[in-house]
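Engineer: what's the 3D shape of this:
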Amino acid sequence: MKLHELTRAGRTPALPLSLELADGAGPETLQVRRLLRVIPGQRYVGLGEWRGRPVLAKLLVGGKAARHFQRELAGARLLAEQQQTTPQLLGSGLQEGEGGWLLFEYLDGSQSLGDAWQAVAHEPPLSDGQQAVLADALGAIAGLHAKGLWQADLHLDNLLRHQGQLYLIDGGAIRAEDLGAALSRNKVLENLGLFFAQLSAGFDPFIEELLVHYLLVNGEHALPLEALLKEVDTKRRERLREYLHKLGRDCTEFAVQRGAMGLQVVRRQEAAALKELLANPDAAINAGKALKLGGSSTVALVEVAGRPLVIKRYNIKGIGHWVKRFWRPSRAWQSWVEGNRLSFLGIATPKPLAMLERRWCGLRSRSYLVTEYMAGEDLLARWQPYLDQSPPVAELQALERLMDALQRERISHGDLKGTNLIWDRNQWALIDLDAVRQHAGDCSFQAAFFKDRTRLLKNWPVKSDTYQWLNEHLPRLE
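Structural biologist: Below you'll find the model as predicted:
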């Protein structure tokens, strides 16, 4: 197969791929056995074999191939020349009319810091495990900045642990200011702002403490905390806005099918597993275990390839209800957006996997939401034994953190009863999100937050220890 043929290969070319790559010594054959990232018709990143050794291959095709190739090559060389630990570039080439390719050593058994973070992300800030991951990342970032370099697409997945060392990857995002000299303070603040913006705002009080790990490696500049926090807030808002715009767009993360008879959005990595369920969600609900049988919604626990999932159907109760609903965004879409928003902001909720709207000539009807299943107890069931005494301190503090996060992000739930809070991995997770709203202004949020707080406290008698503790410790708004 010629390299340029990848421009017509789409998102899922048949594997293995046998590609002819020509360098100065003549044609070479690259066998690609697994794809890791695909931008159809432009970029294919995968694991393969070249000259008898495993490699990570970046294949660039299409009209922008030459520009992307030069950027990737320049970044990889900058990292190597400035003594940054990075995978060795084993071979590269650019052919007119074909495309470009870069082959890097494959770090077998490596783990990204992004994966390491996922293992500790649910812990209360700032746990020892979290600090260990962030300390490694900040040390690597500081080393980059000390050489006048920065990474424009800075995130934890671009740092790999391998045999006790930390490797920087993705040379295409490496930028230089004044090679060999420390990066300017404004660039440092901007780049660190991007890094910290990927953490939830609950980590903001710990940024000053975390900066110590950076300054131990690169102490060139005094970094004013107020200016950094402002940069973090700006970058976090930009990232959230960009992420929300992706939720209904066909892209690397989401697969979207849109037409006059329906809308389907599914996380791309889940698309194959959920294909049968989404083709007939009502059959899946009927075959599953009923969790809720209501007029406005039906919820069932289903199993897909041995994995428990929850599917929620938002019903249309009659012609009058349909007239009120068909022209508005469906409740499944609302829950899809808000579930992804909460996850992005670090507020626990079952991971949304897919949503589906039935339509007739563009007019909405039934809709469906598929999420991961959380097997923990709800708040009322878990705290039932504690009616005459205070619940466990860790659980009370976790609820306090949740309410603090909702207040900080100006998010109201709309029906904050005990059954809509699930205990999962030492934190309270929110479910039933179709009334969730992030408020633009303080006035509307204050009224909505007051209703949420009042609804939550109604779960216990006023004179109970639980009510008294919560009423004293949960955030208030005047």
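
Engineer: confirm residue 54 sits in a strand?
Structural biologist: Yes: Residue 54: assigned to a strand according to DSSP: H, G, I helix; E, B strand; the rest coil.

Engineer: okay, and the beta partners of it?
Structural biologist: Following DSSP bridges, residue 54 is listed with bridge partners residue 49.

Engineer: correct me, but it touches residue 107?
Structural biologist: No: counting by Cβ atoms under 8 Å, residue 54 does not reach residue 107; the two are 9.6 Å apart. Just so you know, the C-beta spots here come from the backbone N, C-alpha and C atoms, and that holds for glycine as well.

Engineer: so after the longest helix along the chain, what's the next helix or strand?
Structural biologist: Ranked by residue count and defined by DSSP state H, the top helix of the chain is helix 225-246. For helix 225-246, the succeeding helix or strand toward the C-terminus, using DSSP states H and E, is strand 254-259.

Engineer: which elements pack onto that following strand?
Structural biologist: Packed against strand 254-259 by the contact rule (3 or more Cβ pairs under 8 Å, 6 or more residues apart in numbering; DSSP states H and E) you find strand 262-267.

Engineer: now the helices for the stretch 101-250 of the chain?
Structural biologist: Assigned by DSSP state H, counting those that start in this stretch, the helices in the stretch 101-250 of the chain fall at 113-118, 128-146, 185-196, 207-215, 225-246.

Engineer: between the last one and helix 207-215, how big is the angle?
Structural biologist: Between the direction of helix 225-246 and that of helix 207-215, the angle (axes from the mean of the first three to the mean of the last three Cα atoms, to 10 degrees) works out to 100 degrees.

Engineer: pull the CA atoms of helix 225-246 into CSV?
Structural biologist: Presented in CSV, the C-alpha positions along helix 225-246 are these (Å, rounded to 0.1, in the frame of the first residue of the first chain):
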residue,chain,number,x,y,z
LEU,A,225,0.1,33.4,42.4
GLU,A,226,-2.6,35.8,41.6
ALA,A,227,-1.5,36.2,38.0
LEU,A,228,-1.2,32.4,37.6
LEU,A,229,-4.7,31.8,39.1
LYS,A,230,-6.1,34.3,36.7
GLU,A,231,-4.5,32.5,33.8
VAL,A,232,-5.8,29.2,35.0
ASP,A,233,-9.3,30.5,35.2
THR,A,234,-9.1,31.9,31.7
LYS,A,235,-7.7,28.7,30.2
ARG,A,236,-10.2,26.5,32.1
ARG,A,237,-13.2,28.5,30.7
GLU,A,238,-11.7,28.2,27.2
ARG,A,239,-11.2,24.5,27.5
LEU,A,240,-14.8,23.9,28.8
ARG,A,241,-16.3,26.0,26.0
GLU,A,242,-14.3,24.1,23.4
TYR,A,243,-15.2,20.7,24.9
LEU,A,244,-19.0,21.5,25.1
HIS,A,245,-18.9,22.4,21.4
LYS,A,246,-17.5,18.9,20.6
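
Engineer: need the residues that contact it.
Structural biologist: The contact list for helix 225-246 (Cβ atoms under 8 Å, 6 or more residues apart in numbering) reads 189-190, 192-194, 196-198, 201, 204, 207-208, 211, 253-254, 337, 340-341, 344-345.

Engineer: run the last query once more with 6 Å
Structural biologist: 189, 193, 194, 196, 197, 208, 344 (Cβ atoms under 6 Å, 6 or more residues apart in numbering).

Engineer: and the residue positioned nearest the centre of the chain, what does it touch?
Structural biologist: A centroid search over the chain (Cα atoms, centre = their mean) returns residue 344, at 5.7 Å, as the residue closest to the centre. Shown in contact with residue 344 (Cβ under 6 Å, 6+ apart): 240, 243.
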